[in-house]
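*Asks:* predicted structure and sequence below. I'll ask about it afterward.
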Amino acid sequence: MNDIEKPKILIVEDSPANVHMLVELLKDFQCYVAINGKKALAAVESGTEYDLILLDVMMPVLSGFELKQYFNHNSKVRNVPVIFITSKAEQKDIKKGIGLGAVDYITKPFDADDVLTRVNRALRNKWEREKFVDKMTELKA
């Protein structure tokens with residue numbers, strides 16, 4: 001599979017150690033990194049069409065929750081699945097993240113196999129949803 005066919009994942013994470021672990025773990029994907037909320041906004045405005053966003057909650061400039069609210073109103077990324085990956089593990093935080101429309105919520109420290117499973121599931125669900133929408137559009141035509 002060449003890079004053009006590899007899913008594009010935006011990793012929004014301010015910890016260099018976590019960025020390194022995630023990029024290494026997701027080496028079979030095209031990974032893009034934003035180290036804070038401001039850089040994440042620039043990344044989504046860049047024109048790159050992401051297939052998935054991994055989003056930390058506690059970051060400088062803008063929190064992951066604030067970014068997700070912005071993403072919900074931005075046509076470029078509104079339909080891109082978001083997985084929160086954060087150390088905020090309280091039930092109220094998980095409910096908030098899912099309530100904002102995240103497809104999943106992973107707490108740190110994370111298990112590599114678990115992250116891969118959840119990333120692959122989110123991508124598979126996205127592609128299935130896109131095929132369904134294409135089929136419905138085709139039937140209406």
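*Replies:* Everything's here; your move.

*Asks:* burial count for the closest residue to D93 other than its chain neighbours?
*Replies:* Leaving aside its sequence neighbours, D93 sits nearest to V57 (C-beta to C-beta, 6 or more residues apart in numbering; 6.9 Å). In this view, the C-beta of every residue, glycine as well, is placed from N, C-alpha and C. Other residues within reach of V57, judged by other C-beta atoms under 10 Å, total 21.

*Asks:* surely V57 touches K88?
*Replies:* Yes. The criterion here is C-beta atoms under 8 Å, and V57 meets it with K88 at 4.9 Å.

*Asks:* quick one: residues contacting the residue nearest the centre of the chain.
*Replies:* For the chain, the residue nearest the mean C-alpha position is I53 (1.5 Å; C-alpha atoms, centre = their mean). Counting by C-beta atoms under 8 Å, 6 or more residues apart in numbering, I53 touches 9-10, 12, 71, 77, 80-83.
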